[in-house]
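Trainee: how would this look folded up:
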Amino acid sequence: MSLDIIASMRCGCCGATMGREQVVGRGAGFTEAERNTLALLWEASDRVCGKRLKALIPMLIDAMERHRHLDLAPEIRGKLLSMSAATIDRALGRIREGLGRQRRRAAAHDPTTQYSDTDFGGLE
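Mentor: Here you go, the predicted model:
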């Protein structure tokens, strides 16, 4: 399935096309080396979310290279350091799916049951 879409400007009243059509889509994606390195950093950070991993990546790369656990090519290092948190989450999506864990969902909050088991003592 392709992620490319056709984009064009259309007139609101008659639907005529104004301008040429062009193909718009995402970039080329990630190489296997980039995805494997990102997964290694994610595992080393105890599987934190993309937002937290984004902040940790520079420190993790420096520490892992200093202790000779990692030896990155400059291109891969640059691409990992320039990734946004959303891009990190997208890149790790397949790996997370492979773990077989359910995604976390917020529990429904019911304010009427909040104090049902609480004994207020002399507050009645």
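Trainee: need the contact list for A33.
Mentor: Counting by C-beta atoms under 8 Å, 6 or more residues apart in numbering, A33 makes contact with 73, 76. The C-beta positions use only the backbone N, C-alpha and C, and glycine is treated the same way.
Trainee: A55 versus that one, what's the distance?
Mentor: The gap separating A33 from A55 is 23 Å, by C-beta to C-beta, to the nearest Å.
Trainee: tell me what the helix or strand containing L60 is packed against?
Mentor: Taking DSSP states H and E as the definition, L60 sits inside helix 50-66. Judged by 3 or more C-beta pairs under 8 Å, 6 or more residues apart in numbering; DSSP states H and E, helix 50-66 is in contact with helix 32-44, helix 74-82, helix 85-91.
Trainee: Now the second one - C-alpha only, CSV.
Mentor: Okay, so that is helix 74-82. Written as CSV, here are the backbone C-alpha positions of helix 74-82 (Å, rounded to 0.1, in the frame of the first residue of the first chain):
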residue,chain,number,x,y,z
PRO,A,74,28.1,9.6,10.8
GLU,A,75,25.1,9.4,8.5
ILE,A,76,23.2,7.2,10.9
ARG,A,77,24.2,9.3,13.9
GLY,A,78,23.0,12.4,12.2
LYS,A,79,19.7,10.9,11.1
LEU,A,80,19.0,9.5,14.7
LEU,A,81,19.8,12.9,16.2
SER,A,82,17.5,14.7,13.8
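Trainee: which helices and strands sit right next to that helix?
Mentor: Packed next to helix 74-82, using 3+ C-beta pairs under 8 Å, 6+ apart, are helix 32-44, helix 50-66.
Trainee: Okay, angle between it and helix 50-66 too, please.
Mentor: 150 degrees (axes from the mean of the first three to the mean of the last three C-alpha atoms, to 10 degrees).
Trainee: outside of helix 74-82, which residues touch it?
Mentor: Taking C-beta under 8 Å, 6+ apart as the rule, helix 74-82 contacts 31, 33-34, 37-38, 41, 57-58, 61, 72.
Trainee: Pick out the most distant pair among these.
Mentor: Greatest spatial distance among those (C-beta to C-beta): T31 and P58, at 20.2 Å.
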